[in-house]
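# coordinates for the following, if possible.
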Amino acid sequence: MLSILISTYNHACYRLVKSLQSQAERLVAGGDFMYEIIVSDDASTDESAILINQRINTLPHCTFIQQPQNRGQAINRNWLIANSHHPYVLFIDADAQVLSEDFLKNYWANRHVAPVVCGSLCNLQAPCPKGCELRYKYEEAAAKIRTLEFRRAHSSYFLTAFNLFFNREVFKQITFDERCKSYGYEDALLGLELAERGIQIHHIANPLIHTGIDTNAVFLQKTRTALHTLYQLGEPLHSFAGPSRWRKKLAEKRLLCFFRWTFKLFRPLCEKQLLSRHPSLFLFKLYKLGYYANIK
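A predicted model of the protein is given here:
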């Protein structure tokens, strides 16, 4: 009755699948419950991760499939939807770690509450890995803002496919936008489209730990990629996302050209600070705006 779907790329997720499979088996033992876990590898290049993930096929009701070519997160997730079978669908990112022994049980208990049920994301409960300070601080700051009450008050704006439960009927109306071939904003776009169609989203306190803390350099590159994605996607995302809204305000006040010039002048210094051991999140916001303002 539940399809657990995981899209992966160059990430070993056997331990995650084993944890989920153990919880699913307990639900099977407790009553009328069936499940499948499908992991779709988006043409990974890391042979060690592929070798570990192939062990998933040894677990009952679990399947690991390697795609012949890299097509991006949205297409890979839509493929998972099309090739799964049960009436409820749970999306989990490959770099997640199960925190609670009742993780699946909590979702199953809430399956009738709303067509879409969204869990949360927790940062690593450990000292920040050296060289990963920017992503770590960003996630810590986000967690303080995105409380359960806040997420419920802004249900469509803070949707995350990192940890997301669907009634399959939803996918008769909407799928992941396949224009999102690179990193960034596919979750935000999905949330806006769900809201536009009047599909209810219910947030619960059912967290997964995010283990994929990028290095400063990787996170900065991912941020630049996401900003190009945002620029290409257009409305309704441009009226929602911070960089595009602020770019419009700067243009209205005739400050856009000045801001572009200032960013180009100070960009090397900004990047040096953001790649340091003590990155500033305020400077990171300015950096995103400056970079986005210069996309043409």
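
# pull the distance from stretch 81-93 to the chain's centre.
In terms of C-alpha atoms, centre = their mean, to the nearest Å, the gap separating the centre of stretch 81-93 from the centre of its chain is 16 Å.

# quick one: contacts of that stretch?
Counting contacts by C-beta atoms under 8 Å, 6 or more residues apart in numbering, the residues outside stretch 81-93 that touch it are 1-7, 16, 20, 34-36, 38, 77, 80, 104, 107, 111, 161-169, 171, 175, 208, 210, 212. Every C-beta, even on glycine, is put in place using the N, C-alpha and C of the backbone.

# are any of the residues you listed buried, and if so which?
2-7, 16, 20, 35-36, 38, 77, 80, 104, 107, 111, 161-167, 175, 208, 210 (16 or more other C-beta atoms under 10 Å).

# which of the contacts of stretch 81-93 fall within helices?
Among these, the subset assigned to helices under DSSP state H consists of 16, 20, 77, 80, 104, 107.

# how about the nearest residue to residue 166, chain neighbours excluded?
Taking C-beta to C-beta, 6 or more residues apart in numbering as the measure, residue 166 lies nearest to residue 89, with 4.5 Å between them; neighbours along the chain are not counted.

# and the one you found, bridged to which residues?
With DSSP bridges as the criterion, the beta-bridge partners of residue 89 are residue 3, residue 166.

# so what's the residue count around residue 240?
Neighbour count of residue 240, defined by other C-beta atoms under 10 Å: 17.

# do the same with residue 60
Neighbour count of residue 60, defined by other C-beta under 10 Å: 11.

# what's near enough to touch residue 76?
With contact set as C-beta under 8 Å, 6+ apart, residue 76 has these partners: 7, 40, 42, 67.

# of these, which is the most crowded?
residue 7 (27 neighbours).

# list the buried residues in the longest strand seen in the chain.
In the chain, taking DSSP state E as the definition, the longest strand is strand 201-210. Neighbour-count burial for strand 201-210, with 16+ other C-beta under 10 Å as criterion, is recorded at 201, 203-204, 206-208, 210.

# which pair in those residues spans the largest distance?
Of all pairs drawn from the buried residues of strand 201-210, the widest gap by C-beta to C-beta lies between 201 and 210 and measures 20.1 Å.

# and the helices in this protein?
Under the criterion DSSP H, the chain contains helices at 14-30, 47-53, 73-82, 103-109, 133-145, 148-153, 186-196, 216-233, 242-252, 256-274, 281-293.
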